[in-house]
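Q: With the sequence up front, the predicted model follows.
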Amino acid sequence: MTSPRWRLILNGKSASDVELRAAVQRLRGRGVALDVRVTWEEGDAERYVAEAIADGVDTVVAAGGDGTLSEVAATLAHRAEPAQALPSLGLVPLGTANDFATAAGMPATSLEALSLIAERPARPIDLLRVTADHGPHWCANMASGGFGTQITLETDEGLKRMLGGLAYTITGLSRLGRIEPLQARLEGPDFQWEGAFIALGLGNGRQAGGGQALCPGALIDDGLLELTVVPELSGEIAPTLGRLITAGKEAALEAVAVRARLPWVRIVAEQPITLNLDGEPEISRRFQIDCVPARLRMHLPAACPLLGTP
């Protein structure tokens, strides 16, 4: 029987992770042919994925945060091959927020995460394809705009290293007095909304920005994205909602949000707006966001909350 062949693509920030090193050795001891590549600069992940495919590996493992997962997933999704012909995708969560991993119920330790890949068959998952001025881009987790995007972009890297996800909350609280609404028109099949918003989420996954659960009902295998729009608010409720959004409280969103589940959404704005695509900002006046069904295959927990089909 041929040993499974894996290629682990590790974010360079975690290259000295002792726990991961030990977990890799454990998996090799179980008969997995597991090679590691460490990213150092832009383009490394894309090159490593291409090499892995050329080498005929069975599984590509993203070891890092949401950005690393998205970069590896995007590189696979850019390929012309169908999902069945591509390596499956695994994840070892090592980032600051790990929003996708948290929502998916992924194991907390490196050994458990690698063991899950060995034990659980890969499942088809959707991805978001975002077309803008410099597109297309792919999102494994979420595209977000407004309040949450500014929190993510403004949170200091040193603060994230010290405080983890709490850093996003602190940054969000510091912005409560200067939430600036954005004006846009959103449309999709049997859906249209136009106005000023302070937060926007287009979810394949459910949360972003260190725990902001903007799309709490999103699934990654239903062929639909979940859209959440938080309109401009006034009076005392505005700072209260801002605090609750930062803390990821679903009740605050339910009270005021516009929600829809759609196969695609088009955004048109008079002035350029910024969407955060799994940590990467994209600025444009027009966005087309499509949910591409079953674009990849991923190893996920048996009771993964993001799966609609057991």
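A: Looks like it came in fine.
Q: is it true that R30 touches A118?
A: Yes. Using C-beta atoms under 8 Å, R30 is in contact with A118, at 7.0 Å. From N, CA and C alone the C-beta is placed, and that goes for glycine too.
Q: Who has more neighbours out of those two?
A: More crowded of R30 and A118, by other C-beta atoms under 10 Å: A118, with 16 against 12.
Q: my guess is the more buried one meets S3, correct?
A: No. Using C-beta under 8 Å, A118 makes no contact with S3, being 11.1 Å away.
Q: what is in contact with these two at once?
A: Common neighbours of A118 and S3 (criterion: C-beta atoms under 8 Å, 6 or more residues apart in numbering): V32.
Q: What are the phi and psi values at Q25?
A: Backbone torsions for Q25, taken as degrees, to the nearest 10, come to phi -60, psi -40.
Q: Can you name the residues that contact it?
A: Under the criterion of C-beta under 8 Å, 6+ apart, the contact list for Q25 is empty.
Q: Repeat the analysis, applying 10 Å as the threshold.
A: 34, 111 (C-beta atoms under 10 Å, 6 or more residues apart in numbering).
Q: Determine the longest strand present in this protein.
A: The longest strand of the chain (DSSP state E) is strand 280-299.
Q: now the strands for the stretch 51-200 of the chain?
A: With strands called from DSSP state E, counting those that start in this stretch, the stretch 51-200 of the chain shows them at 59-64, 88-93, 122-131, 137-139, 142-146, 182-188, 191-203.
Q: Just give the nearest non-adjacent residue to the residue most central in space within the chain, would you?
A: The C-alpha lying nearest the average C-alpha coordinate of the chain belongs to N141 (C-alpha atoms, centre = their mean; 2.5 Å). Leaving out its chain neighbours, the residue that sits closest to N141 by C-beta to C-beta, 6 or more residues apart in numbering is G205, at 3.9 Å.
Q: so is that neighbour in a helix, a strand, or just coil?
A: Look at G205: counting by DSSP: H, G, I helix; E, B strand; the rest coil, its state is coil.
Q: give the contact list for it.
A: 66, 69, 99-104, 125, 128, 139-142, 213-215, 218-220, 226, 278, 306.
Q: Recalculate using a threshold of 6 Å.
A: Going by C-beta atoms under 6 Å, 6 or more residues apart in numbering, G205 touches 100, 103, 141-142.
Q: do the same with V49
A: For V49, the contacting residues are 60, 75, by C-beta under 6 Å, 6+ apart.
Q: what distance separates the strand or helix carrying it from the centre of its chain?
A: Per DSSP states H and E: V49 is located in helix 44-54. Mean-position distance between helix 44-54 and its chain equals 20 Å (C-alpha atoms, centre = their mean, to the nearest Å).
Q: Make JSON lines from the strands of the stretch 51-200 of the chain and add mean neighbour count to it.
A: What follows is these, written out as JSON lines (neighbours: other C-beta atoms under 10 Å):
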{"stretch": "strand 59-64", "mean neighbour count": "26"}
{"stretch": "strand 88-93", "mean neighbour count": "26"}
{"stretch": "strand 122-131", "mean neighbour count": "21"}
{"stretch": "strand 137-139", "mean neighbour count": "25"}
{"stretch": "strand 142-146", "mean neighbour count": "28"}
{"stretch": "strand 182-188", "mean neighbour count": "18"}
{"stretch": "strand 191-203", "mean neighbour count": "21"}
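Q: Nearest to L114, out of those?
A: strand 88-93 (6.4 Å; C-beta to C-beta).
Q: contacts for the closest one?
A: 59, 61-63, 69, 101, 106, 110, 113, 117, 122, 296-299.
Q: and of those residues, the nearest to E46?
A: Relative to E46, the closest of the contacts of strand 88-93 is A62; by C-beta to C-beta it sits at 12.5 Å.
Q: And for the closest one, nearest residue in space, chain neighbours not counted?
A: Ranked by C-beta to C-beta, 6+ apart and with sequence neighbours excluded, the top spatial neighbour of A62 is V72, at 4.0 Å.
Q: just checking, the one you found touches G64?
A: No. Using C-beta atoms under 6 Å, V72 is not in contact with G64, being 8.6 Å away.
Q: Please convert the contacts of G205 to JSON lines, extending it with pLDDT and distance to S284.
A: Below are the contacts of G205 laid out as JSON lines (pLDDT from 0 to 100; distance: C-beta to C-beta, whole Å):
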{"residue": "F100", "pLDDT": "95", "distance to S284": "24"}
{"residue": "A103", "pLDDT": "95", "distance to S284": "26"}
{"residue": "N141", "pLDDT": "95", "distance to S284": "19"}
{"residue": "M142", "pLDDT": "93", "distance to S284": "17"}
